[in-house]
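Visitor: Here is the input, now give the coordinates:
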Amino acid sequence: MSNVTLEKITNLCKRRGFIFQSSEVYGGYNGFWDYGPNGVAMRRALEQAWWNYMVEMRDNVEGQDSTIICNPKVWEASGHVAQFADIMVDNKENNKRYRIDNLMDKQSDEVLAALATALGTDADISKMEAAFETKLKAGEDISNVLGDCAVVCPTSEKPGKWTPPRQFNLMMQTYVGPVFDEDHKAYLRAETCQPIFTNFSAIQTVMRQKLPFGIAQTGKAFRNEINPRNFIFRSREFTQMEMEFFCHDDEAMDWYTYWRDERLNFYYDVLKIDKSKLKTHDHDKLAHYAKAAMDIEFEFPFGWGELEGIHHRGTWDLSQHSEHSGQKLTYFDQDRKEHYTPTVVETSVGLDRLMLALLCSFYDEDEASTQKEGKEKDIRTVLRFPAVIAPVQVAVLPLSKKLAEQAQPLYRKLLKNFRSDYDDKGQIGRRYRRQDEIGTPLCVTFDFDSLEDNAVTVRERDSMTQERVSIDKLQSYIFEKINS
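Guide: Here you go, the predicted model:
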């Protein structure tokens, strides 16, 4: 049985050192999260699994690592300074703030129909959001539309007294240099892809790549979210894993389909996420330069949410940076005898959201024997991670502290090839439970018989079966188990 809830996930993450609220001793800071020892181990393993799948196993994808702060002109060219905004409103009765699309998602069909009529569009949230944006840019007076349509506040569950809808830029600002003025204003990057576009020609030249090829990057991004929520699903500082694939426009839709299938295969084959937990959603509303866009969605405890976006971005990004920088970001195709601006197909996933999806996907509860007084069985919490992302792949548990001198050399030997842990504190049953809760696939128990037969007991997390294995064959045994 799973019975996963967001409350159970957040409690487990804090209890077992996966994720903590940032600056918790000062009351925390909304939208920011720190990763503890088990969280950072899993996060690094997950990032490496993505990097291996998207870069290291391919000869047509290169990597880069750009700075968080770029020349501000990068964000002017990309449109982020002028257009990277959400529409927000406040309920003046309780000071609750909402993003307009999230607010509309909580309304009844009757309220949505009234809004659609007032906005002159269909009762579709994406179309109504676009109508809000269009009317705000045109300077139309829509200050009373929410009140006139009796839009309900999700918190108070009654019609709110709403402020006029307004656009809220999501770019986080800072200053570079000793003077805090407009000339020294800069931005924390809102996405990792823009530096990929500005470095396209440099990387293509130095790596002697022919189109089609891609450039991948992982790293921090920052967005001044109106309403961070749902744990690490939507936060203000997060890590992106993105790949921009450059190709001729004639081949772009074929590559779009290819990368859609590759990304789904990553979730199914590498991360072992159940197919019933994932679905794809094609965008109804496309950017003016895009030919296609879709999301891979995951079923979180709070509902379906976007996990990854796959986008046909056309030639927009390279054309914009070429125009604003005055530098040619084009490619001469010797096979086609053609000079052109490449079309871009993008894959973009948030590492933090993926972490949350995996925690939810592999969280489970079952019954196991216990040493608790008056009980034969107890509920066991277990994370059934595939070994490739488990923060600990194998734990060495000496039956007694008296065996530490013999067990620790075995642990240090395993450390060379596997993410390993050593624990000799408490009863062996409780140590098993601790390892179950962080998703450790295998536990190796060094007991007093090990001194005589040079063997250990290997306990498997999911089945809880135990097998006696010779220490001489332990490395190959573990390798086979975690790579099966």
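
Visitor: residues near Tyr331, how many?
Guide: 22 (other CB atoms under 10 Å). (C-beta placed from N, C-alpha, C; glycine too.)

Visitor: Spell out which residues make up each domain of the protein.
Guide: Listed by automatic domain parsing, the domain ranges of the chain are 6-72+171-359, 85-169, 392-482.

Visitor: Go through those domains and name the closest to Arg384.
Guide: Closest to Arg384 of those is domain 392-482 (CB to CB; 5.8 Å).

Visitor: mind listing what Ile478 touches?
Guide: Contacts for Ile478 (CB atoms under 8 Å, 6 or more residues apart in numbering) come out as Gln393, Val394, Leu414, Asn417, Phe418, Leu442, Val458.

Visitor: nope, Asn95 is what I was after
Guide: Asn95 makes no contacts at all, as judged by CB under 8 Å, 6+ apart.

Visitor: just the buried members of the contacts of Ile478?
Guide: Among the contacts of Ile478, those buried by neighbour count (16 or more other CB atoms under 10 Å) are Gln393, Val394, Leu414, Phe418, Leu442, Val458.

Visitor: So which of those belong to helices?
Guide: Leu414 (DSSP state H).

Visitor: Output the buried ones among the contacts of Ile478 as CSV; include the columns distance to Glu133.
Guide: Below are the buried ones among the contacts of Ile478 laid out as CSV (distance: CB to CB, whole Å):
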residue, distance to Glu133
Gln393, 48
Val394, 53
Leu414, 56
Phe418, 51
Leu442, 53
Val458, 59
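
Visitor: ranges for the strands of the stretch 101-250 of the chain?
Guide: Assigned by DSSP state E, counting those that start in this stretch, the stretch 101-250 of the chain shows strands spanning 152-153, 158-159, 166-169, 172-175, 185-188, 213-222, 237-247.

Visitor: As a markdown table, the contacts of Ile478 with pLDDT and distance to Arg99 would be great.
Guide: As requested, the contacts of Ile478 are exported to a markdown table (pLDDT from 0 to 100; distance: CB to CB, whole Å):
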| residue | pLDDT | distance to Arg99 |
| --- | --- | --- |
| Gln393 | 98 | 40 |
| Val394 | 98 | 44 |
| Leu414 | 97 | 48 |
| Asn417 | 96 | 47 |
| Phe418 | 97 | 44 |
| Leu442 | 98 | 44 |
| Val458 | 97 | 50 |
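
Visitor: can you put the domains of the chain in TSV and add distance to Ser78?
Guide: TSV is the format used below for the domains of the chain (distance: least, CB to CB, whole Å):
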stretch	distance to Ser78
domain 6-72+171-359	5
domain 85-169	13
domain 392-482	38
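
Visitor: any idea which of those scores lowest on pLDDT?
Guide: Mean pLDDT per stretch puts domain 85-169 lowest among these, at a mean of 90.

Visitor: end-to-end on it?
Guide: End-to-end distance of domain 85-169 (CA to CA, to the nearest Å): 4 Å.

Visitor: and that domain, how far from the chain's centre?
Guide: Centroid displacement of domain 85-169 relative to its chain, using CA atoms, centre = their mean, to the nearest Å, is 28 Å.

Visitor: same question, stretch 261-271
Guide: Stretch 261-271 has its C-alpha centroid displaced from the chain centroid by 15 Å (CA atoms, centre = their mean).

Visitor: Put the alpha carbons of it into PDB.
Guide: Provided in PDB are the C-alpha atoms of stretch 261-271 (Å, rounded to 0.1, in the frame of the first residue of the first chain):
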ATOM      1  CA  ASP A 261      10.200   9.600 -27.000                       C
ATOM      2  CA  GLU A 262      13.700   9.700 -25.500                       C
ATOM      3  CA  ARG A 263      12.600  11.700 -22.500                       C
ATOM      4  CA  LEU A 264       9.700   9.300 -21.800                       C
ATOM      5  CA  ASN A 265      12.100   6.400 -22.100                       C
ATOM      6  CA  PHE A 266      14.400   8.000 -19.500                       C
ATOM      7  CA  TYR A 267      11.500   8.100 -17.000                       C
ATOM      8  CA  TYR A 268      10.300   4.600 -17.800                       C
ATOM      9  CA  ASP A 269      13.600   2.700 -18.400                       C
ATOM     10  CA  VAL A 270      16.200   4.600 -16.200                       C
ATOM     11  CA  LEU A 271      14.100   6.000 -13.400                       C
END
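
Visitor: contact partners of it?
Guide: Against stretch 261-271 from outside (CB under 8 Å, 6+ apart): 49-50, 53, 273, 275, 278, 280, 296, 308, 310, 347, 349, 358, 386, 388-389.

Visitor: Can you tell me which of these are buried?
Guide: Buried among those (16+ other CB under 10 Å): 49-50, 53, 273, 278, 296, 308, 310, 347, 349, 358, 386, 388-389.

Visitor: out of those, which are inside helices?
Guide: Short answer: the buried ones among the contacts of stretch 261-271 in helices (DSSP H) are Ala49, Trp50, Leu358.

Visitor: Show me which of these is closest to Asp105.
Guide: Within these, proximity to Asp105 (CB to CB) peaks at Leu358, which comes in at 25.2 Å.

Visitor: hang on, isn't that closest one packed against Phe385?
Guide: Yes - checked against CB atoms under 8 Å, the pair Leu358 and Phe385 is within contact range at 7.0 Å.

Visitor: shared neighbours of those two, anything?
Guide: Met42.

Visitor: residue ranges of the helices in the stretch 351-484 of the chain, please?
Guide: Listed in chain order, the helices found in the stretch 351-484 of the chain under DSSP state H, counting those that start in this stretch are 351-362, 404-415, 428-438, 450-453, 474-482.

Visitor: sorry, back to before: and the buried ones among the contacts of Ile478, which of them are in strands?
Guide: Val394, Leu442, Val458 (DSSP state E).

Visitor: From what I see, the first one and Cys443 are in contact.
Guide: So the one you mean is Val394. Yes - with contact defined as CB under 8 Å, Val394 and Cys443 form a contacting pair (7.4 Å).

Visitor: re earlier: and of the domains of the chain, who's closest to Gly79?
Guide: Ranking the domains of the chain by proximity to Gly79 (CB to CB) places domain 6-72+171-359 first, at 7.3 Å.

Visitor: From the opening residue of that closest one to its closing one, how far?
Guide: One end of domain 6-72+171-359 sits 10 Å from the other (CA to CA).

Visitor: Also stretch 461-468?
Guide: By CA to CA, the extent of stretch 461-468 from end to end equals 15 Å.
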